[in-house]
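**Student:** sequence below, structure please.
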Amino acid sequence: MQLTFNDSSSLIDFVFLSFRPANSTSIHMTSFKSSNLMQFFDDPKNFGASEVKSGRSWTVDELRIKSNIDLQKLWFVLLKERNMLLTMEYNCREACYLFPSPERIDKIQDSMTRLEQVIHERNDAYWQLEIGEEAPKPRAEKTFDPTDPLAAIREPIEAVTQVKDRATLKFQYLIKEKERKLKLKQKRLHEREAAMLLKYFPNMDKEALQAKYPDVNVEKLKFVQRTRGSHEFNTA
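**Tutor:** Here you go, the predicted model:
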């Protein structure tokens with residue numbers, strides 16, 4: 001059977017469907033049976049502790065010798081443990097308490113990353129053997145950092161800004177047309193002001209006038225009819 005997956009959820013679905021034992025429900029029960037919400041929290045004896053002892057993360061070599069069933073069981077154990085630690089960290093932050101041993105979350109995340117690496121290695125080996133190509137890499141999704149309150153401001157959501165439906169295209173066209181008309185109106189206003197100055201002050205400094213109105217061609221404006229006043233300095 002071909003091993004292909006795009007993300008962690010499809011990975012787990014594949015392992016579960018491909019190697020399902022006779023009693024398929026037993027592989028999900030990795031912890032004690034509990035019908036209350038306490039299974040999503042840490043051991044009560046760790047409440048209020050300043051430090052919680054924990055083991056190291058799983059290494060790649062240790063994961064490579066495990067079967068797909070064992071990797072699937074380990075994935076659910078790590079997933080449940082990570083959710084529990086994130087819940088405890090959030091509650092401690094809301095209650096203004098220090099979360100004991102926050103490195104536990106990093107260890108869990110490292111183990112899950114290495115587990116996905118091992119599965120990708122097996123997929124790649126199968127693809128190389130059967131197809132002669134490399135296996136597709138897991139899909140990477142860009143998400144905002146939940147601990148960064150300014151992430152949504154610094155990084156606009158591309159899914160919204162890059163919409164190309166008819167209404168959005170019409171809105172963008174109207175915005176650009178409005179900006180173009182405003183620039184044209186401002187340019188005409190500057191031309192009238194420069195023409196008025198040339199009409200009443202024909203000996204004024206042309207370079208200073210050009211610096212004041214950079215969007216107006218002063219040399220060309222001197223020969224326009226409206227810039228000629230009733231004085232001896234007419235250009236025509």
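
**Student:** and the lengthiest helix in the chain, what does it pack against?
**Tutor:** Across the chain, the longest stretch assigned as helix under DSSP state H is helix 166-200. Where contact means 3 or more Cβ pairs under 8 Å, 6 or more residues apart in numbering; DSSP states H and E, helix 166-200 is packed against helix 206-212, helix 218-221. The way it works is simple: take the backbone N, C-alpha and C, and place the C-beta from them, glycine included.

**Student:** tell me where the chain has strands.
**Tutor:** Here the chain has no strands by DSSP state E.

**Student:** would TSV of the helices and strands packed on helix 166-200 with mean neighbour count and distance to His190 be doable?
**Tutor:** Shown next, in TSV, are the helices and strands packed on helix 166-200 (neighbours: other Cβ atoms under 10 Å; distance: least, Cβ to Cβ, whole Å):
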stretch	mean neighbour count	distance to His190
helix 206-212	13	9
helix 218-221	14	10
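
**Student:** closest to Cys92 out of those helices?
**Tutor:** Closest approach to Cys92 among the helices and strands packed on helix 166-200 (Cβ to Cβ): helix 206-212, 62.5 Å.

**Student:** quick one: mean pLDDT for the closest one?
**Tutor:** Mean pLDDT, helix 206-212: 87.

**Student:** now that helix, how far from the chain's geometric center?
**Tutor:** On the basis of Cα atoms, centre = their mean, to the nearest Å, helix 206-212 sits 48 Å off its chain's mean C-alpha point.

**Student:** which intervals of the protein have sub-threshold pLDDT?
**Tutor:** Residue ranges of the chain with pLDDT under 70: 1-35, 138-146, 148-164, 229-236.
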